[in-house]
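J.: Output the structure for:
(3 chains, ligands or ions: 2)
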Amino acid sequence: MALDSSSKRVFKVVGTRPPRPDGVDKVTGRALYGADVSAPGMLVGRILRSPHAHARIRAIDTTAAEALPGVKAVVTARDFARLEGDKIIDMGEDRTSLRDVRDNCLARDKALYDGHAVAAVAALTPEIARAALKLIAVDYEILPHVIDVDAAMRPDAPVVLAGRAHENVPGGMSPNVTNHSEFGHGDLEAGFAQADRIVERSFTTAATHQGYIEPHACLASVTGDGRADLWCCTQGQYNVRDICADLMGMQASQLRVTASEIGGGFGGKTVVFIEPVALLLARKSGRPVKIVMSREEVFRATGPTVSASIDVRIGMARDGRITAGEAVLRYSGGAFPCETVDMGAQAAFACYDLRAVRTLGWNVLTNRPKEAAYRAPGAPQAIYAVESVVDELCQGFGLDPLEVRLKNAARKGTKSSYGPTFEAIGLEATLEAAKAHPHYSAPLGPGQGRGLSAGFWFNFGGNTSVSLSVNTDGTVGITEGNPDIGGSRASISLMAAEELGIPYERVRTAIADTSSLGHNDVTDGSRVTFAVGLATIKAARDAKQKMCARAARIWGIDEEAVLWEDGAAKPSGPNAGDFPPMTLAEIAAVSFKTGGPIAGHNEAHADGAGVSFGVHICDVEVDRETGATKVLRYTVIQDAGKAVHPDYVEGQMQGGAVQGIGWALNEEYIYGEDGRLQNAGFLDYRVPVASDLPNIDTVILEIPNPGHPYGVRGVGETPIVPPLAALSNAVSRAIGQRMTRLPMSPPRVLEAINAGR
Amino acid sequence: MVAVTLWGSLRRFTGGEGQVEVEARNFKELLDRLAETYPGLKPQIDRGVSLALDGRIYREAWFTEIGPDSEVVLMPYMTGG
Amino acid sequence: MKTIQVATTINGDSAEFVCGHDETLLDALRNRLGLTGAKEGCGTGDCGACSVRLDDRLVCSCLVLAAEAEGARIDTIEGLAQGETLHPLQQSFIDLAALQCGICTPGILVAAKALLDRNPEPTDTEIRYWLAGNLCRCTGYDKIVRAVQDAAAKMRSA
Ligand code: FES
Ligand code: FES
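T.: Ligands and ions are numbered 1, 2, ... in the order given. Presented below is the predicted three-dimensional model:
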């Protein structure tokens, strides 16, 4: 069966807004998250963390802790299996070495950041576990540390890890520089020569945390015959299984990982931290072990974003045409190598159709926790810097920032700043929709400013397995392997119902553990609605084909003479025979007599997820006495390809926008001189609360993705990209001073206001 | 022959060329030929790359066919959150 | 370690449990009584995921000692629905997609109920300030405010 073309399709179920299947469980407190399950005989696991930003671990003495009554196991990095060689694993955010994952879970030779795990205990009660941690004696040799990305690039900077630079890093640089990339095309100098004005600026953005409300939690049990079960909150149970099995020296088939309901991830739960440690403790103690991180541990030791220092130079002709653009990105992904800067360097100018463009990226090691992905990893920082300079150029020429973006917008056929030529994309339509939106022409009051920014993200597909069973009562069960973070079970059910021609209420989608279904990549890269949806549609088509075959046999006609329409098998025409249609329920009811159970399945690697663009408009008012910024109005316009469940598409757009607003205005990792994190809690790391915000208006555009039968594009990541510059441009215009540092916390805004006085 | 566009920092390993030609009918052959012809590219290919074929990005899809007039762009391994 | 015996009423049913002298009400609810609807997002009173009512007072149960529940009435998310029938707030949250991951939802529902009990017709701003102690990282709050308004309207006309 060929895939239908997406553009002409009239949808019956897709695009409606039915209640989600897990809704009742979640509003009644019944849904089980990472920390919500227990096991008989369960022990409490706790982790000892380095108080130093950088220290050699000379020795760890655990004897006193082991001797404490009620302590059942103590582990350190030595308890992990010996790794033969290394392995590159896909952790969502980037490809990370298995060794680095191991050394991040429990430090081996050096503690590399404040909060780095060094040992762990399992005990009968939390009190005993806490007491035991105090009895572990770690002999540290404190080493000089480096926190700031620019400082870490200097040749004389303390070396976080040596010998980790990729071959692409030119010689003679600090060993902290591990990755370098360059993208672009055209003759930059010729481009700048055509400019009537060139603006060059440097920017910094702070590391921010994903801030999911559920701390990491897991429950591990290992039996004497080498089998193990792990329950955990993760964006990808298959990855957890593969990594943990390798670190434990187990076969993947012997470790079953079940993903709990997940209390937010945004990229930060694509990584393992406590899971291998809980398994080690469970194996050593012979009892189930539960580890639940505290919020402080979440901040100190799990994934923040990169911190960034960026230079941008853009030339513009008087008519608003951008003649050349150049950016240098210096990202620090913390204490272990990462390649996120490649993504930033590719995304920086992706919204523009440029004849001359170049971006350079550097990744630098610092004594910070290893970066984990956070919605569109690497892109918000780079696009913030570019969109700020574009805005400043528009101001300089007195040009409308929307018209300038329209004039320079990437479109179908544009050679993108990262190389390939764009297929059908929705940026122009998104900008036009922004222009037509009443928000853009609404008057502003004194002291207020309006900011605009475009944004971009790639989106991915990836490896997916889906199985679909047709029950004898005419209902359908779908088993998929991607934890549902934002309503994906509803979207998957919608697509199956659409394809099968049955009501949404008859479909139930469940998420499999690793023993029940083939591999699925982690829930990342905005892949689930796209790739799992694609596999679900194909699994449904597989089942339809089988149902048509059953009907054909019942009618005694050729399979080819049967087609599927409106939820039923029908003879394809008058020549095929004159039989009344058989519905899915009718075929299912007799399935045991016509050849056995009916199911469809699909296993594939999906590509062609289709890039996505968004435009945000933001109005702010700045209090010139306190420097506080109030967001007055906010509008998100984004191309979703096809919104399968519009409520949850809007939800992604609103949630991402607010995370971006937090990043722009308040959120940051603050380190002391001693290299310790100073704000490891929600009191001092301030995420936006309800009273900080206005309603977030949304406009969903549907420019079908040619790579998906329904035209679906990923939507989850793009919305965090534009807010940084939208806010910065709004504040800069409100106070008449260009802001170049994020977050724009009140003291910084005040400083800028005073500098302009 | 397929013309492959490389990203800037890979030019060091191709004698400064931003576009190279190799004989290949699919991605697997293309990556193998690239690594053979330009051994300096091998570490990056081993770490992972994506390929854009006529504007569509593929992460790992060895047997994706490449037509003689296809636009082929080598990209870093794409990652997300 | 010495334990304390506590007699209390939870969601209308009398309940007894033992707890440590420094144990939080949140831990007692979750670990001793199996009521895992209240969540621990921070343990320091900053996120509201652990919200419950203690004698009609809206509290962060992570900041209340379990022993303080002696003789008190506690209402948790598990008691919000009447059997099969969801509370209008619960129904509106589902209907208007006011939850994504749902980890904040129990706390927000308990807090929103407390608001509507005292103010059946709140403005958006009043809702936003009342819920300022309940963090939600997924939704951006927009749909939460709308769902509370929707439920309030339905409760007023009921
Ligand atoms: S857990 Fe009680 S306020 Fe966060
Ligand atoms: S729905 Fe996830 S934190 Fe609110």
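
J.: Hmm, residue C:137 and residue A:689 touching each other?
T.: No - under the criterion of CB atoms under 8 Å, residue A:689 makes no contact with residue C:137, lying 10.7 Å away. In short, each C-beta sits where N, CA and C put it, glycine included.

J.: Compare these two and say which is more crowded by neighbours.
T.: residue C:137 (27 against 22; other CB atoms under 10 Å in any protein chain shown).

J.: Can you pull the phi and psi angles for residue A:205?
T.: Main-chain dihedrals, residue A:205, degrees, to the nearest 10: phi -130, psi 140.

J.: Tell me which residues touch it, please.
T.: Each residue near residue A:205 by CB atoms under 8 Å, 6 or more residues apart in numbering or on different chains is listed here: A:307, A:308, A:310, A:380, A:381, A:384, A:663, A:724, A:741, A:742.

J.: Narrow those residues to those in strands?
T.: Those of the contacts of residue A:205 mapping onto strands are A:307, A:308, A:310, A:741, A:742, per DSSP state E.

J.: and chain C, which of its residues are near ligand 2?
T.: Residues of chain C lying close to ligand 2 (CB under 6 Å from any ligand atom) are C:99, C:100, C:101, C:102, C:103, C:104, C:136, C:137, C:138, C:139.

J.: List the contacts of the closest residue to chain A within chain C.
T.: Nearest residue of chain C to chain A: residue C:37, at 2.2 Å (CB to the nearest CB). Contact partners of residue C:37, counting by CB under 8 Å, 6+ apart, are A:28, A:29, A:30, C:76, C:77, C:78, C:106.

J.: Now secondary structure, distance to chain B and neighbour count too, for those residues, in TSV please.
T.: Putting the contacts of residue C:37 into TSV (DSSP: H, G, I helix; E, B strand; the rest coil; distance: CB to the nearest CB, whole Å; neighbours: other CB atoms under 10 Å in any protein chain shown) gives the following:
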residue	secondary structure	distance to chain B	neighbour count
A:28	helix	30	20
A:29	coil	29	24
A:30	coil	29	17
C:76	coil	34	23
C:77	helix	30	28
C:78	helix	34	20
C:106	helix	26	29
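
J.: For ligand 2, state which of the residues you listed is nearest.
T.: Closest approach to ligand 2 among those (CB to the nearest ligand atom): residue C:106, at 10.2 Å.

J.: what distance separates stretch C:48-61 from the middle of the whole chain?
T.: Remark: stretch C:48-61 is offset 6 Å from the chain centroid, using CA atoms, centre = their mean, to the nearest Å.

J.: Isn't residue A:672 up against residue A:680?
T.: No - Residue A:672 is not in contact with residue A:680 according to CB under 8 Å; the separation is 11.6 Å.

J.: These two: which is more packed in?
T.: Higher neighbour count among residue A:672 and residue A:680: residue A:680, with 22 against 11, using other CB under 10 Å.

J.: Tell me the spatial nearest neighbour of residue A:623, not counting adjacent residues.
T.: residue A:630 (7.3 Å; CB to CB, 6 or more residues apart in numbering or on different chains).

J.: how close does that neighbour sit to chain B?
T.: 29 Å (CB to the nearest CB, to the nearest Å).

J.: what is the mean pLDDT for the host helix or strand of that residue?
T.: Per DSSP states H and E: residue A:630 is located in strand A:629-639. The predicted model gives strand A:629-639 an average pLDDT of 97.

J.: now do stretch A:293-300
T.: On average, the pLDDT along stretch A:293-300 is 98.

J.: Any part of it near chain C?
T.: Yes - on the criterion CB under 8 Å from any CB of the partner chain, stretch A:293-300 is in touch with chain C at A:294, A:295.

J.: Now that stretch - C-alpha only, PDB.
T.: The C-alpha coordinates for stretch A:293-300 follow below in PDB (Å, rounded to 0.1, in the frame of the first residue of the first chain):
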ATOM      1  CA  MET A 293      17.300  12.300  44.000                       C
ATOM      2  CA  SER A 294      16.800  15.400  46.100                       C
ATOM      3  CA  ARG A 295      16.200  18.600  44.200                       C
ATOM      4  CA  GLU A 296      19.600  19.800  45.300                       C
ATOM      5  CA  GLU A 297      21.100  16.700  43.700                       C
ATOM      6  CA  VAL A 298      19.100  17.300  40.500                       C
ATOM      7  CA  PHE A 299      20.600  20.800  40.200                       C
ATOM      8  CA  ARG A 300      24.100  19.900  41.200                       C
END
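
J.: Now do that stretch: distance to the chain's middle.
T.: 19 Å.

J.: who touches it?
T.: A:47, A:49, A:113-115, A:209, A:215-217, A:273-274, A:301-302, A:369, A:669, A:677, A:679-682, A:685, C:41-44, C:46-47.

J.: what do you get if the cut-off is 7 Å, keeping everything else the same?
T.: Stretch A:293-300 is contacted from outside by A:49, A:114-115, A:209, A:215-217, A:274, A:369, A:677, A:680-682, A:685, C:41-44, using CB atoms under 7 Å, 6 or more residues apart in numbering or on different chains.

J.: And for stretch A:328-341?
T.: Contact with stretch A:328-341 is made by A:93-94, A:100, A:104, A:112-113, A:149-150, A:152-153, A:160, A:164, A:178-179, A:181, A:306-311, A:344-345, A:359-371, A:377-378, A:382, B:76, as judged by CB under 7 Å, 6+ apart.

J.: what about that stretch, start to end distance?
T.: 10 Å (CA to CA, to the nearest Å).

J.: restrict the residues of chain C next to ligand 2 to contacts with chain A.
T.: Checking the residues of chain C next to ligand 2 against chain A by CB under 7 Å from any CB of the partner chain, the ones in range are C:99, C:100, C:101, C:102, C:103, C:104, C:137, C:138, C:139.

J.: Now render those as JSON lines, adding distance to residue C:20, secondary structure and pLDDT.
T.: Formatted as JSON lines, those follow (distance: CB to CB, whole Å; DSSP: H, G, I helix; E, B strand; the rest coil; pLDDT from 0 to 100):
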{"residue": "C:99", "distance to residue C:20": "33", "secondary structure": "coil", "pLDDT": "96"}
{"residue": "C:100", "distance to residue C:20": "35", "secondary structure": "coil", "pLDDT": "95"}
{"residue": "C:101", "distance to residue C:20": "31", "secondary structure": "coil", "pLDDT": "96"}
{"residue": "C:102", "distance to residue C:20": "30", "secondary structure": "coil", "pLDDT": "97"}
{"residue": "C:103", "distance to residue C:20": "26", "secondary structure": "coil", "pLDDT": "98"}
{"residue": "C:104", "distance to residue C:20": "27", "secondary structure": "coil", "pLDDT": "98"}
{"residue": "C:137", "distance to residue C:20": "31", "secondary structure": "coil", "pLDDT": "98"}
{"residue": "C:138", "distance to residue C:20": "34", "secondary structure": "coil", "pLDDT": "97"}
{"residue": "C:139", "distance to residue C:20": "36", "secondary structure": "coil", "pLDDT": "97"}
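
J.: how close does residue A:112 get to residue A:247?
T.: Relative to residue A:247, residue A:112 is positioned 18 Å away (CB to CB, to the nearest Å).

J.: So for those two, which residue has more residues nearby?
T.: Looking at residue A:112 and residue A:247 with other CB under 10 Å, you find the greater number of neighbours at residue A:112, namely 29 against 24.

J.: Quick check: pLDDT value at the nearest residue to that one once chain neighbours are set aside.
T.: Once flanking residues are discounted, residue A:112 sits nearest to residue A:335: 3.6 Å by CB to CB, 6+ apart. As predicted, residue A:335 sits at a pLDDT of 98.

J.: likewise residue A:90?
T.: Listed pLDDT for residue A:90 reads 61.

J.: Enumerate the residues of chain B near chain A.
T.: Residues of chain B lying near chain A (CB under 7 Å from any CB): B:5, B:7-9, B:40, B:43-44, B:47-48, B:52, B:55-61, B:71, B:73, B:75-81.
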